[in-house]
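Below are the sequence and a predicted model; questions follow.
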Protein chains: 2
Amino acid sequence: MNVLVIGANGQIGRLLTRKLKDHAAHDVLAGVRKEEQKQAYENEGIKSRFIDLEGSIKDMEKAMDGVTAVVFAAGSGGHTGADKTMMVDLDGAVKSIEAAKNAGVKRYVMVSAINADDREYWSYNMEGNGIGGYYFAAKYYADVWLENSGLDYTVIRPTLLVNEPGTGKVEATAHLRQEGKKLEIPREDVANLTVASLDHDNTIGKSFDANQGGIDVDEAVKNL
Amino acid sequence: MNVLVIGANGQIGRLLTRKLKDHAAHDVLAGVRKEEQKQAYENEGIKSRFIDLEGSIKDMEKAMDGVTAVVFAAGSGGHTGADKTMMVDLDGAVKSIEAAKNAGVKRYVMVSAINADDREYWSYNMEGNGIGGYYFAAKYYADVWLENSGLDYTVIRPTLLVNEPGTGKVEATAHLRQEGKKLEIPREDVANLTVASLDHDNTIGKSFDANQGGIDVDEAVKNL
């Protein structure tokens, strides 16, 4: 597939873009927001496209010319307020989904967040954990939009993202039993899961939780 | 109908609740968030229900017992941040829509805002007008949720709300031609339009813009 990574300059995006570059079955386009990011990727021999999540659906559509799969690995970042979360993590994602539909892109993989599908978690129980419920609300509404879009979607909901190197082993399941587990996962393994989702079509139409674990990524994804 | 007004303590909600109280064809329940608001309504002989938009769908469902129509006239208010906008104006509204479905309420009228359905307006052109694009985004996503809910919906998108007394005359149309017009409407006329929407079933399944104008409210609504 010819995969456009939206948020290629983010932490997961950078790992994912390089993995896709080295993958025999896929080509990659780094979706970036700034000229210097574009230049850096081109210098590495990786093609890139401008994509601004605060821009228009039409411009996104153009950026998807020739693309056969989109991965949404972007985020407004923890330092921005709820307004940016609304306009980027929710509306930016929704615009990219609409752009994919308009551009005839069939496949769309969303990097979401654990518990985004559990309103009880983010609506009532967010006191003091440092992340606003609104972040999960934004992810929730974007995920639901994708699930209802008619696209060949996959939604990956990783637990707490950490920067340790990936192990290539995970736990992936529709709804993770969270009790008694260390709920974190290396960003690199989220990138691995994203590649595996693109590789295995049984992930189409599925949304799943992902944590560190003991099962090879490919195996874990095939078992979904 | 037995109409639950969510946001009965808001400016439109107060006008609407009293109009419904005096309406021969409807009974009204004032949906409020605080004990003193409940007491104030009860003292006026108006029945009330607790409804907390930051609470659970289940509690909202209980508040809708015996209700046959819901009007959403609530809002987190201009003084709160985007996080409250997300959790009240968007997620609170969506929860109330889900609660209505669960409770078997068929009819749902949403008080939205002009241009909420026009992303070009709120996504790119909001600089300097004092309202964050995220407010319109919240209204947009709530409106779309309602339109796809399967409920007998009506979405009213008024222009700038002002406190002048209503004239009983409006312009109501699917998409207002805005050029060269004074874009404001008395809150009382929005309340009048809401009552008229409940009175006339041709408004079911319709979303429309509303501005001050020269046509009797009932006539304007019947012409939609």
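Arrived safely. These figures come from a predicted structure and were not determined experimentally.

contacts, neighbours, all on C-alpha from now
OK.

Can you show me the helices along chain A?
A:11-21, A:35-43, A:57-63, A:82-84, A:91-103, A:119, A:133-147, A:187-199, A:217-222 (DSSP state H).

Residues of chain A that sit close to chain B?
A:54-56, A:81-83, A:86-87, A:91, A:120, A:123-124, A:132-134, A:137 (C-alpha under 8 Å from any C-alpha of the partner chain).

Name the member of the residues you listed with the most neighbours.
Across the residues of chain A next to chain B, neighbour numbers were computed from other C-alpha atoms under 10 Å in any protein chain shown; A:Met86 holds the maximum, 29 neighbours.

For that one, give its distance to B:Gln37.
31 Å (C-alpha to C-alpha, to the nearest Å).

Could you tell me the least trusted of the helices of chain A?
Among those, helix A:82-84 has the lowest mean pLDDT, at a mean of 88.

packing partners for that one?
helix B:82-84 (3 or more C-alpha pairs under 8 Å, 6 or more residues apart in numbering or on different chains; DSSP states H and E).

Could you report the distance from A:Ile215 to chain B?
36 Å (C-alpha to the nearest C-alpha, to the nearest Å).

I'd like to know how far the nearest residue to that residue once chain neighbours are set aside sits from A:Asn223.
Counting by C-alpha to C-alpha, 6 or more residues apart in numbering or on different chains, A:Ile215 lies nearest to A:Lys169, which is 4.8 Å off, once chain neighbours are set aside. To A:Asn223, A:Lys169 is 13 Å away according to C-alpha to C-alpha.

Then A:Tyr134?
For A:Tyr134, the distance to A:Asn223 equals 32 Å [C-alpha to C-alpha].

A:Lys34 contacts A:Arg49, correct?
No: assessed by C-alpha atoms under 8 Å, A:Lys34 is found out of contact with A:Arg49, at 9.8 Å.

the more surrounded of the two?
Higher neighbour count among A:Lys34 and A:Arg49: A:Arg49, with 22 against 13, using other C-alpha under 10 Å.

so what's the more buried one scoring on pLDDT?
A:Arg49 carries a pLDDT value of 98.

and if you look at the one 5 residues further on?
A:Glu54 carries a pLDDT score of 91 in this model.

Could I get the phi/psi values of it?
Main-chain dihedrals, A:Glu54, degrees, to the nearest 10: phi -100, psi 10.

In this structure it contacts A:Leu90, no?
No: look at A:Glu54 against A:Leu90 with C-alpha under 8 Å: they stay out of range, at 10.6 Å.

quick revisit: can you give me the distance of the residue nearest to A:Ile215 to chain B?
A:Lys169 sits 36 Å away from chain B, going by C-alpha to the nearest C-alpha.

for A:Ile46, same thing?
Going from A:Ile46 to chain B by C-alpha to the nearest C-alpha gives 30 Å.

A:Asn223 now?
33 Å.

Mind pulling up the pLDDT for the most centrally placed residue in chain A?
For chain A, the residue sitting closest to the mean C-alpha position, by C-alpha atoms, centre = their mean, is A:Val111 at 2.3 Å. pLDDT, A:Val111: 98.

next one: the one 5 residues further on
Looking at A:Ala116, its pLDDT is 95.

what does A:Gly128 give?
pLDDT, A:Gly128: 51.

Can you tell me how far the closest residue to A:Tyr140 other than its chain neighbours is from A:Arg157?
Nearest residue to A:Tyr140, sequence neighbours excluded (C-alpha to C-alpha, 6+ apart): A:Ala116, at 5.0 Å. The spacing between A:Ala116 and A:Arg157, counted by C-alpha to C-alpha, is 8 Å.

follow-up on the earlier one: from A:Arg187, how far off is the residue nearest to the centre of chain A?
A:Val111 is 11 Å from A:Arg187, where distance means C-alpha to C-alpha.

you'd agree A:Met87 is up against B:Gly132?
No: the pair A:Met87 / B:Gly132 is not scored as a contact, 10.1 Å apart, by C-alpha under 8 Å.

Now list whatever residues contact both of those two.
In terms of C-alpha atoms under 8 Å, 6 or more residues apart in numbering or on different chains, A:Met87 and B:Gly132 are not both contacted by any residue.

Quick check: phi and psi on A:Val105?
Dihedral pair for A:Val105: phi -80, psi 130, per degrees, to the nearest 10.

what's the spacing between the residue nearest to it when sequence neighbours are not counted and chain B?
Spatial nearest neighbour of A:Val105, chain neighbours left out: A:Thr68 (5.1 Å); criterion: C-alpha to C-alpha, 6+ apart. Counting by C-alpha to the nearest C-alpha, the separation of A:Thr68 from chain B is 26 Å.

go on, A:Ala24?
39 Å.

next one: phi and psi at that residue?
Torsion angles, degrees, to the nearest 10, at A:Ala24: phi -60, psi -30.

and it, how many residues sit next to it?
When neighbours are defined as other C-alpha under 10 Å, A:Ala24 has 8 of them.

same deal with A:Thr173?
With other C-alpha under 10 Å as criterion, A:Thr173 counts 19.
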